[in-house]
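Trainee: What follows is a predicted protein model with its sequence.
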Amino acid sequence: MSWRDNRTHWEGWARSVDPAIRLVDKESSPLMRAYARLPWLGDEFLTRTASVIGARIYLTRGGDAEHDIAHEGRHVRQKRWCSLGLSPWLGWPVFAVLCVFVLPAGLTARFWFEMDAEAFALKQKVRTGSSVAWARYSLVEFAELLCGGDYVWAWWPRRWAKKIAGLWKF
Ligand SMILES: [Zn+2]
């Protein structure tokens with residue numbers, strides 16, 4: 001079942017993550033369709049991964065809406081923090097700078113933004129019945145992914161990343 005069949009429910013829940021969030025059907029978004037023409041993206045970009053721009057979350061039809069709204073929604077929340085609570089759109093430039101900002105040790109702040117977003121999504125899963133052990137295992141797997149080529153700006157030593165993930169509080 002696609003999130004669009006239960007749109008009111010998901011929109012209500014997304015607003016509880018951050019009131020500025022708007023949900024958009026990724027496949028029918030002209031902007032996302034234009035992005036998908038980039039040679040390194042393609043159709044998979046439209047059908048397999050959710051995206052977020054400012055406070056707009058672009059959801060795929062076949063994706064896990066609960067996870068995707070929580071993860072991308074948390075990024076919207078993080079952008080709001082970057083504006084000291086005013087608006088995710090205002091905080092977005094600060095957030096973007098922090099994402100690529102390289103800390104003295106050569107580590108990026110994006111690592112924390114991503115870990116916080118994924119842990120937030122996994123906590124939601126625990127609330128709806130998944131086990132804490134599963135959530136912790138999933139976060140360790142995510143940390144591993146974060147240190148690979150899919151997240152070029154989140155480079156952290158894999159061993160540290162997995163250790164931090166294993167210690168995360170659920
Ligand atoms: Zn993310």
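Mentor: Ah, there it is.
Trainee: And the residue nearest to residue 120 when sequence neighbours are not counted, which helix or strand is it part of?
Mentor: With Cβ to Cβ, 6 or more residues apart in numbering as the criterion, residue 120 has its nearest non-adjacent residue at 4.2 Å, and that residue is residue 74. Bear in mind the C-beta positions are built from the backbone N, C-alpha and C, glycine included. Using DSSP states H and E, residue 74 sits within helix 65-82.
Trainee: Centre of the chain to the helix or strand following that helix, how far?
Mentor: Sequence order places helix 88-100 as the next helix or strand after helix 65-82, per DSSP H and E. Counting by Cα atoms, centre = their mean, to the nearest Å, helix 88-100 is centred 14 Å from the centre of its parent chain.
Trainee: From the contact counts, what lies against helix 88-100?
Mentor: The contact analysis (3 or more Cβ pairs under 8 Å, 6 or more residues apart in numbering; DSSP states H and E) places helix 88-100 against helix 65-82, helix 110-127.
Trainee: Can you tell me which residues in this protein are near the ion?
Mentor: For the chain, the contact set with the ion under Cβ under 5 Å from the ion comprises 114, 117.
Trainee: returning to what we had before: what helices and strands are in contact with the helix holding residue 74?
Mentor: By 3+ Cβ pairs under 8 Å, 6+ apart, helix 65-82 packs against helix 7-17, strand 51-53, strand 56-59, helix 88-100, helix 110-127.
Trainee: okay, those in CSV with mean pLDDT next?
Mentor: Putting the helices and strands packed on helix 65-82 into CSV (pLDDT from 0 to 100) gives the following:
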stretch, mean pLDDT
helix 7-17, 96
strand 51-53, 94
strand 56-59, 97
helix 88-100, 90
helix 110-127, 93
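Trainee: thinking again about what came up before, quick one: the residue nearest to residue 120 from residue 124, how far?
Mentor: Here residue 74 is placed at a distance of 10 Å from residue 124 (Cβ to Cβ, to the nearest Å).
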